[in-house]
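Undergrad: build me a structure from this.
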Amino acid sequence: MDLCKKKLIQFCFSLFFFLLPVLSFGEELYLLVDKGTYRLFLNRGEETILAFPIGYGLKSTQFKTKKGDFLTPEGIYEIIHIRPSQNYYYFLELSYPNFNDLSWAYFRGEIELEVLRDCENFIKCTKRREIQRRFGNEIGMHGGGAKKIERGQENFHWTQGCIALDNQNLEELLKWVKLYQRVYILDSNKPLFEILKKLAYPEVVKSLDYWEGGLYLKVDEKTYWYFKLLEKYNGLKFLEWQEWKRGLLTQKKQSAGDGRFEVELENYLKRTLLRRINYIYDPLERKSFEEWK
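TA: A predicted model of the protein is given here:
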């Protein structure tokens with residue numbers, strides 16, 4: 001890499017760090033749904049205000065990809081509708097599928113690039129209802145109980161893909177939630193790469209070839225992390241982690257072809273990500289769809 005290119009990269013990161021305070025939403029209330037621990041957390045920054053047990057759809061290492069698979073999606077969503085429910089007390093609808101979900105569908109060859117381009121802002125997507133019927137509609141959070149007792153056994157996997165709470169806990173949660181509030185859904189038992197791939201912003205995706213994306217994480221006032229992900233259709237996965245302090249690159253690690261780091265580093269990065277999850281930012285420099293062809 002020549003000197004001019006290095007200076008340009010350093011300038012871009014310095015500009016990014018300058019703009020981050022303007023974009024900051026880290027101290028806002030948000031919901032974290034951890035399928036791995038069967039818990040929903042209402043958080044502000046790193047403070048937990050409420051925590052409730054939850055149930056959800058089928059237990060699986062796979063991601064939700066279509067209507068009727070009974071899986072609960074993972075990723076970053078917003079509450080887009082709050083309404084009473086005759087069967088489940090209240091229903092909080094989420095903005096599923098999001099752009100990340102659709103980019104992975106394009107990667108698998110299930111939708112055309114034109115559909116993905118139209119649905120980058122899913123709220124304004126002209127094919128929104130058609131897409132929802134295909135990938136699953138009315139995914140959200142509702143009452144009805146975190147678990148069901150079936151044949152004398154506790155069943156936390158009784159929904160068709162939604163997140164379920166006990167009615168009294170949902171009633172308490174309703175005092176805090178509002179429209180367009182962020183909801184993070186993940187499984188903390190999964191490897192770091194598998195968690196990040198549903199949180200990252202897709203930068204360049206080639207259908208049936210590769211998926212490339214990234215995200216920034218604000219660790220503290222001086223430190224930011226950048227994660228770069230690449231998954232190939234043949235199953236190879238690569239993860240790069242960069243640590244930047246005051247606009248200077250201080251650490252950099254690259255995974256092997258399974259997307260994993262050594263255990264100690266992997267666990268440290270995952271713990272910090274979960275603790276600071278509402279300080280995630282999309283990359284500012286997004287490639288145009290013309291580069292996806």
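Undergrad: so what pLDDT did Arg286 get?
TA: At Arg286, the model reports a pLDDT of 71.
Undergrad: and what about it, helix, strand or coil?
TA: Under DSSP: H, G, I helix; E, B strand; the rest coil, Arg286 falls in the coil class.
Undergrad: kindly report the same for Lys270.
TA: Applying three-state DSSP: Lys270 is helix.
Undergrad: name the nearest residue to it, ignoring sequence neighbours.
TA: Leu192 (4.9 Å; C-beta to C-beta, 6 or more residues apart in numbering). (Glycine included, C-beta is placed from N, CA and C.)
Undergrad: quick one: that neighbour from Gln251, how far?
TA: 16 Å (C-beta to C-beta, to the nearest Å).
Undergrad: and these two? Which one has more around it.
TA: Between Leu192 and Gln251, Leu192 has the larger neighbour count (other C-beta atoms under 10 Å), namely 22 against 12.
Undergrad: about what we covered before: next, the residue nearest to Lys270: phi, psi?
TA: Main-chain dihedrals, Leu192, degrees, to the nearest 10: phi -50, psi -40.
Undergrad: just checking, it touches Val263?
TA: No: assessed by C-beta atoms under 8 Å, Leu192 is found out of contact with Val263, at 10.7 Å.
Undergrad: show me the contacts for the residue nearest to Arg117 when sequence neighbours are not counted.
TA: Leaving out its chain neighbours, the residue that sits closest to Arg117 by C-beta to C-beta, 6+ apart is Phe289, at 5.0 Å. Counting by C-beta atoms under 8 Å, 6 or more residues apart in numbering, Phe289 touches 113, 116-117.
Undergrad: quick check: phi and psi on Phe289?
TA: According to degrees, to the nearest 10, Phe289 has phi -60, psi -20.
Undergrad: and the pLDDT for it?
TA: Confidence score, pLDDT, at Phe289: 81.
Undergrad: quick one: it from Glu27, how far?
TA: 34 Å.
Undergrad: can you check Glu114 too?
TA: From Glu114 to Glu27 the distance is 39 Å (C-beta to C-beta).
Undergrad: kind regards, and thank you for your time.
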